[in-house]
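Enquirer: dropping a prediction and its sequence here:
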Amino acid sequence: MNRNGSLFVPMKLDEAELARRVDGIVDRMSPDVVRIRYTVTENWDGDPAVYFRVVLSDQAAAGAARREAIRSVRAAVRDELNLAEWGYFPYFNFRGVTEQSEVGDPAWE
Amino acid sequence: MPYAEDLLDQARQLATKERTRPRQASLRRAVSTAYYALFHLLIASASAHWTPARQRFGFGRMFEHGRMYSACLRKRPGSPDDLAVVTEAFRELHDHRQTADYDGSREWSRPEVIDIVDEARAAFDSWKRVRKHPAAHDLLLSFLSPRNRL
């Protein structure tokens, strides 16, 4: 039961299969998507979660292209990773290559 | 819902406050404010149906973050796509807000925060389209259900 009283019984996440599917998304969406890092954990409410850190090319990270890239990655994760079947909730953050280099967060490398 | 709209405007202002070198304080408050904008939009929509009008503020105080979050996790087969946009945004913004408010180690970038404010804006737009749908009314009622039966 999570901290708000909701009951979730996630299946054991097949991390090798998850990695394979994530690599497939990166390969297919390259060069706009440079890399995707993720963490399998619990969210702040105690529910099973996968936090995605998506690095986009600088071109894909700018202006209207950024909105389209975000939409495409979210759709790909929803349709191809199918986290719902394992009982996990996705969370997303996006940065461009230069943006990430300025922040310098190693979790995104 | 002027207060909610004002909060969303304020979130964008905070996200773009410093011309160069955005402060983490501004970016983190922007994330938090974007969440509260959606939170108050939904509460105001529910309260608008309550009569007498003088009780609406008290009625709004009955809504709790955690219960609303749990209600947004529930699958609602057959409900409009716009409603899914709202519940997904609420779920994500709820989590981003807690990171922004409580995880001091987390560095934010301005474009990243603007993405989050844009997600809140998209939820506002979707709510405007779907708020009169029966499924939207069910969602609002489920925010008050102790066992998320609805």
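Expert: All right, it came through fine.

Enquirer: got any ranges where chain B has weak pLDDT?
Expert: B:1, B:147-150 (pLDDT under 70).

Enquirer: from A:Arg78, how far out is B:Gly58?
Expert: Distance from B:Gly58 to A:Arg78, counting by CB to CB, to the nearest Å: 39 Å. The C-beta positions use only the backbone N, C-alpha and C, and glycine is treated the same way.

Enquirer: quick one, which of these two is more surrounded?
Expert: More neighbours surround A:Arg78 than the other of B:Gly58 and A:Arg78, with 13 against 10 (other CB atoms under 10 Å in any protein chain shown).

Enquirer: could you find the closest non-adjacent residue to that one?
Expert: A:Pro90 (7.5 Å; CB to CB, 6 or more residues apart in numbering or on different chains).

Enquirer: count of neighbours near that neighbour?
Expert: 18.

Enquirer: for it, helix, strand, or coil?
Expert: At A:Pro90 the chain is in strand, as set by DSSP: H, G, I helix; E, B strand; the rest coil.

Enquirer: what does A:Ala84 give?
Expert: Secondary structure, three-state DSSP: A:Ala84 is helix.

Enquirer: nearest the middle, which residue of chain B would you pick?
Expert: When CA atoms, centre = their mean is applied to chain B, the residue found nearest the centroid is B:Leu38 (2.3 Å).

Enquirer: for it, what is the enclosing helix or strand?
Expert: Using DSSP states H and E, B:Leu38 maps to helix B:24-47.

Enquirer: only C-alpha atoms, please: export the helix or strand of chain A with the lowest mean pLDDT in PDB.
Expert: The helix or strand of chain A with the poorest confidence is helix A:83-86; it has a mean of 86 (mean pLDDT, DSSP states H and E). The C-alpha coordinates for helix A:83-86 follow below in PDB (Å, rounded to 0.1, in the frame of the first residue of the first chain):
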ATOM      1  CA  LEU A  83       5.300   0.000 -18.100                       C
ATOM      2  CA  ALA A  84       1.700  -0.300 -17.100                       C
ATOM      3  CA  GLU A  85       1.900  -4.100 -17.600                       C
ATOM      4  CA  TRP A  86       4.500  -4.200 -14.900                       C
END
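
Enquirer: residues of that helix that come out buried?
Expert: Using 16 or more other CB atoms under 10 Å in any protein chain shown as the test for burial, helix A:83-86 gives A:Leu83, A:Trp86.

Enquirer: now do that helix: everything it contacts.
Expert: With CB atoms under 8 Å, 6 or more residues apart in numbering or on different chains as the test, helix A:83-86 has contacts from A:Pro10, A:Met11, A:Lys12, A:Leu13, A:Asp14, A:Pro48, A:Val50, A:Val77, A:Phe89, A:Pro90.

Enquirer: write the PyMOL selection for whichever of the residues you listed are buried.
Expert: Command for PyMOL that selects the buried part of the contacts of helix A:83-86, burial taken from 16+ other CB under 10 Å:
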select buried, chain A and resi 13+48+50+77+89+90
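
Enquirer: lowest-confidence one in the contacts of helix A:83-86?
Expert: Among the contacts of helix A:83-86, A:Pro10 has the lowest pLDDT, at 60.
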